[in-house]
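> 3D, please:
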Amino acid sequence: MSGFPSGRTAIVGAATFGQGRAPGFEASDLAAIAASLALEDAGLSLADVDGLFFCHPTDTMGGLSFAQYLGIRPKVTDNNRTGGSAFQTYVEHAAFLLDAGLIDCALIAYGSNQATATGKLVSTVQPMRYEAPYRPLNPVSSYALATARHMHQYGTTREQLGAVALAARAWARLNPEAFKRDPLTMDDYLASRRVSDPLTVLDCCLVTDGAAAVVMTRADRARDLKRKPVHVLGAAAETHHREIGWLDDLTVTAAQTSGARAYAQAGLGPSDIDVVQVYDAFTINTILFLEDLGFCPKGEGGRFVQDGAIAPGGALAVNTNGGGLSCCHPGMYGLFTIVEAVRQLRGECGDRQITGAERALAHGNGGVLSSQATVILGL
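Below is the predicted model of the structure:
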C-alpha cells in the first residue's frame, strides 16, 4: 500500500533518565545520558550511530548541537519539529532510511530540564496573529475548546474526564519511575482548581524534567544484538493545522488517518493491540485518540473510560507508565510512549506488566491537536 518496510526494522535499545526532577542537568545532558543508556541496552556504542534524530526543547539547531555534544558525525540528522509527535515521525523516517541501507543505526533522543530550569511550560513558538488578541492561555485554552465541544456534542462529563486522570494515576502508582504516585480520588479531581474552562489542574499534564532515547536498526542485524528486538510494523503521520481554529471538527483529529495508515501497514486492527500508549497532554486527548484510533466509536470515548476500562485490570491497557498526566511530561512526551511500549513488549514492567503483550501502539500528538503520528510495534 505505502511501501512501508513493515517488520524489517526494529527498536533494539530503549531508556529513560531524570524523570521528574533532575537538578543540575541541562537538556542536552539529560538526552545524552538517556542516549548512552539506550545504546548500552542495545549492546551498541556511539561509534555505531550514523543516523541522529533529535528535537531540542529550546535550540532550533539542536540536531547540530547534539551531534557535536555526542562527538559523532551522522550521515543523516533529522530535527523535525512537529511538537510531541516528532518522535513517532522519527521512527517512520528511520525505518525507511534503515531499510534502504542509507544508515545502519538510528538514535532517537530527547531531553528537557524545564521543571528545574523554569518550573513552567516554556513556549518557543511565535504567537499566532489571529488568536493573540484574545490572549488565550495556550496550549490549555485550545484543548479546553476541544473538550467543551466534545462535552456539548456527545454528553461527555467531568466525571468521565476524571476517569482518565484516575486511571493514569493508578498506573503511575505501579511505576517506580513515575513522578506523581500519591493516591487520587474522584473527589480530589472534581475539587481541583480550574485552569481554562472546563479543564482543571488535574486535566493537565505534569511539568517535569526527563529524557528518553531509543535505538533502531535493521531486523536482520537486530537478531544478533543484546536485547529482544521490537519490530516496527507500521508508522504514519499527518498534520491538519497549526491553530485550533483551523481544525474542521474539534472532536476529530488526524489520528483517525495516521492510525488507519499504520494499521494497514501492519496488517492489524485495534482489536489486535495489547497495549496502548497515547499522548495524554490533557484528559480529553485520551478520549479523542481512543476514538480516532478505533478503540471505541466516535463520541463514545467518555462512556468507554468511565468504569475503569483503561485503568489497571480494565479491558484495555492504556498509558501503563502513568502517561503525561502522572508519570512525566518534560515539554514533549511522544518518545516516552514509545519507550513504554517497548518495555511492555519486552516484559520489563514489573507490577504494571501486561501479561503476554505482543503488539503495542504508541501515538504522538503535536501542537494543539495539530500533528498526529502513530507507531505500531510487535515482537
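> please state the offset of stretch 11-30 from the chain centre?
Here stretch 11-30 is found 15 Å from its chain centre; the criterion is Cα atoms, centre = their mean, to the nearest Å.
> just stretch 285-302 next, same as before
Counting by Cα atoms, centre = their mean, stretch 285-302 comes out at 17 Å from the chain centroid.
> where's residue 252 relative to residue 293, distance?
For residue 252, the distance to residue 293 equals 12 Å [Cβ to Cβ, to the nearest Å]. In this view, the C-beta of every residue, glycine as well, is placed from N, C-alpha and C.
> which of the two has more neighbours?
Neighbour totals were compared for residue 252 and residue 293, and residue 293 leads with 24 against 17 (other Cβ atoms under 10 Å).
> for that one, list the residues it contacts.
255-256, 259, 270, 276, 278, 361, 363, 374 (Cβ atoms under 8 Å, 6 or more residues apart in numbering).
> first-to-last residue distance for stretch 174-191?
Criterion Cα to Cα, to the nearest Å; first-to-last residue distance in stretch 174-191 is 24 Å.
> quick check: buried residues in that stretch?
174-175, 177-181, 184, 189 (16 or more other Cβ atoms under 10 Å).
> who touches stretch 146-157?
So stretch 146-157 is contacted by 161, 197-199, 203, 244, 247, 250-251, 282-284, 287-288, 299-302, 306, 369 (Cβ under 8 Å, 6+ apart).
> mind redoing it with 10 Å?
Under the contact criterion Cβ atoms under 10 Å, 6 or more residues apart in numbering, stretch 146-157 has outside partners 140, 158, 160-161, 163, 196-199, 203, 244, 247, 249-253, 282-285, 287-288, 291, 298-303, 305-306, 368-369.
> out of those residues, which are buried?
140, 158, 160-161, 163, 196, 198-199, 203, 244, 247, 250-253, 282-285, 287-288, 291, 298-299, 301-303, 305-306, 368-369.
> where does this protein have low pLDDT?
By pLDDT under 70, the weakly predicted segments of the chain are 1-2, 119-127.
> related to what we said a few turns ago, filter the contacts of stretch 146-157 down to the ones in strands?
Among those, the residues falling in strands (DSSP state E) are 196, 199.
> dump the residue contacts of the closest residue to residue 75 other than its chain neighbours.
Distances taken as Cβ to Cβ, 6 or more residues apart in numbering put residue 50 closest to residue 75, at 4.7 Å, once the chain neighbours are dropped. Counting by Cβ under 10 Å, 6+ apart, residue 50 touches 72-76, 97, 102-107.
> cutoff 7 Å now
Taking Cβ atoms under 7 Å, 6 or more residues apart in numbering as the contact definition, residue 50 lies against 74-75, 103-105.
> okay, now residue 133: neighbour count?
8.
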